[in-house]
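Colleague: Generate a structure from the sequence data that follows.
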Amino acid sequence: MEITVQQVIDALKYVDDPDLKKDLVTLNMIKDVQVSGKNVSFTVVLTTPACPMKDMIHNACMNAILHYVDKDAAVKINMTATVTSKKEKDETTLRDVKNIIAVASGKGGVGKSTIAANLALGLAQQGAKVGIVDADIYGPSQHIMFGVDREMPGPAEFSGQKKMAPVISYGVKINSIGFLAGPNQAIALRGPMATKALSQLFYDTVWGELDYLIVDLPPGTGDIQISLCSQVPLTGAVIVCTPQTVAISDARKGIALFQLPQTNIPILGLVENMAWFTPAELPENKYYIFGKDGVKELAEELQVPLLAQLPLVQSVREASDIGRPAVLQENTPQALAFMELAQNVAQQIAIKNASLVEV
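Modeller: Predicted coordinates for the structure are as follows:
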């Protein structure tokens, strides 16, 4: 008995997306179904290239065809991705940017910029088109972390107006006020001028098509954070914190800012950084220098995802200092942890954007 296209589609209705909780056919994620004898091929369009469930979905599709259609079928499945977006279309330089993610912290010194850099690169490593804005106006660092501190944005044009072209490093598009200030030059800007500088980083940069634009915010809840929430269409925020009580107290304030009625920015999740320290000579030991599980408990209390618990590792700091973030250290524990963080953030964005999936 010949296999039909309809049989294949009917079988795939039994396969659910683990995050969106609906079947792949209803979610319009099945494309290009082709049948020739017992040869079956089709494409599964994932909601993110960093999908952590890719293998699970692939295996479920394979089993559905063999079980519901023909156990002797030869099945070829092409897994691709189209990142979803809830952002309304605009005519600014952000018009082709699908998702804008703020990386924030209540206080300084918790590793927010390091997390932002490795998150951006982790997403890019998994096939996404990524940019990063260093919105830490007074203490920019992304130009150093990406090893481009001697470069400058180039000229570009957008809708007949002169703009900036972002610097590109490791495939990630970057702009930062750090490109414009010398290493010994103080960035002394009052509130309104700082806000204007922030706006220029976003809207005077020709970003082109991006799946994710990461925003490295300054610590706290000041002018920059408030301006960002009102001027830029944020998809959500990632909060970085160490597990100590003082840091968690400040993180609560940062979270509260995004949850104000006039801002109402979704919290994609929390990252517990410097969760423990393991000396190289004692690989089985964990020392909880800043306390244990403080951010994990905060995530449980607020009912938001805990995106990662990341240890304090000397090589992560060294990698940032030399301009080659740790996520590029293939197959090391720290690189794998940052890749998992990127997957979890992409997963949460896909869930938040699920309401736009065609049904």
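
Colleague: From now on I want contacts and neighbour counts done on CA atoms only, so please keep to that.
Modeller: Noted.

Colleague: Quick one: mean pLDDT for stretch 71-86?
Modeller: On average, the pLDDT along stretch 71-86 is 88.

Colleague: Flag every buried residue along that stretch.
Modeller: Residues of stretch 71-86 classed as buried: 73-75, 79, 81, 83-86 (neighbour count, 16 or more other CA atoms under 10 Å).

Colleague: domains in this structure, as residue ranges please.
Modeller: Per the record, the chain has its domains at 5-81, 97-356, by automatic domain parsing.

Colleague: out of those domains, nearest to residue 90?
Modeller: domain 97-356 (9.9 Å; CA to CA).

Colleague: following the host helix or strand of residue 173, which helix or strand shows up next?
Modeller: Here residue 173 sits within strand 172-176, counting by DSSP states H and E. For strand 172-176, the following helix or strand on the C-terminal side (DSSP H and E) is helix 191-203.

Colleague: Mind listing residues that contact that following helix?
Modeller: Contacts with helix 191-203, where a contact means CA atoms under 8 Å, 6 or more residues apart in numbering, come from 92-94, 133, 135, 137, 175-177, 223-224, 227-228, 231.

Colleague: Please point out which parts of that helix sit buried.
Modeller: Residues 194-195, 197-199, 201-203 are the ones in helix 191-203 that count as buried (16+ other CA under 10 Å).

Colleague: same check, this time on stretch 3-23
Modeller: The neighbour-count check on stretch 3-23 (16+ other CA under 10 Å) flags 3-5, 8-9, 11-17, 20, 23 as buried.

Colleague: do stretch 94-114 as well
Modeller: Buried residues in stretch 94-114 (16+ other CA under 10 Å): 94-108, 110-114.

Colleague: how long is that stretch end to end?
Modeller: Chord length of stretch 94-114, first to last residue, is 24 Å (CA to CA, to the nearest Å).

Colleague: Surely residue 238 is in a strand?
Modeller: Yes. Assessed with DSSP: H, G, I helix; E, B strand; the rest coil, residue 238 lies in a strand.

Colleague: give me every residue that touches it.
Modeller: 101-104, 267-271.

Colleague: returning to what we had before: where's the dip in pLDDT among the buried residues of stretch 3-23?
Modeller: Comparing the buried residues of stretch 3-23 by pLDDT, residue 20 comes last, at 81.

Colleague: give me the low-pLDDT residue ranges for the stretch 201-350 of the chain?
Modeller: In the predicted model, the stretch 201-350 of the chain carries no residue with pLDDT under 70.

Colleague: go with 90
Modeller: For the stretch 201-350 of the chain, the stretches with pLDDT under 90 are 220-231, 261-264, 279-284, 330-331, 347, 350.

Colleague: low-confidence ranges in the stretch 1-150 of the chain?
Modeller: Applying pLDDT under 90 to the stretch 1-150 of the chain picks out residues 1-2, 17-22, 27-28, 46-55, 80-91, 136-139.

Colleague: Recalculate using a threshold of 70.
Modeller: Ranges of the stretch 1-150 of the chain meeting pLDDT under 70: 1.

Colleague: Strands along that one, start to end?
Modeller: Taking DSSP state E, counting those that start in this stretch as the criterion, the stretch 1-150 of the chain carries its strands at 30-36, 39-46, 74-81, 97-104, 130-134.

Colleague: TSV please, covering those and showing distance to residue 251.
Modeller: Listed next are the strands of the stretch 1-150 of the chain as TSV, based on distance: least, CA to CA, whole Å:
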stretch	distance to residue 251
strand 30-36	41
strand 39-46	33
strand 74-81	34
strand 97-104	9
strand 130-134	20
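
Colleague: what's the longest strand in this protein?
Modeller: Using DSSP state E, we find that the single longest strand of the chain is strand 267-277.

Colleague: So which elements touch that one?
Modeller: strand 236-241, helix 294-302, strand 306-312, helix 333-352 (3 or more CA pairs under 8 Å, 6 or more residues apart in numbering; DSSP states H and E).

Colleague: any idea which of these is most buried?
Modeller: strand 236-241 (a mean of 26; mean count of other CA atoms under 10 Å).

Colleague: Direction included, what does that strand pair against?
Modeller: The pairing partners recorded for strand 236-241 under DSSP bridges are strand 97-104 (parallel), strand 267-277 (parallel).

Colleague: Go ahead and produce PDB holding the CA coordinates of the longest one.
Modeller: Just to be clear, that refers to strand 267-277. Output in PDB follows, covering the C-alpha atoms of strand 267-277 (Å, rounded to 0.1, in the frame of the first residue of the first chain):
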ATOM      1  CA  ILE A 267      11.200  38.400  33.000                       C
ATOM      2  CA  LEU A 268      12.700  35.500  30.900                       C
ATOM      3  CA  GLY A 269      14.500  34.100  33.900                       C
ATOM      4  CA  LEU A 270      17.300  34.500  36.500                       C
ATOM      5  CA  VAL A 271      21.000  33.600  36.200                       C
ATOM      6  CA  GLU A 272      22.900  32.600  39.400                       C
ATOM      7  CA  ASN A 273      26.500  33.600  38.700                       C
ATOM      8  CA  MET A 274      29.500  32.600  40.900                       C
ATOM      9  CA  ALA A 275      27.200  30.000  42.400                       C
ATOM     10  CA  TRP A 276      30.300  28.100  43.700                       C
ATOM     11  CA  PHE A 277      34.000  27.700  43.400                       C
END
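
Colleague: Perfect, I'm done here.
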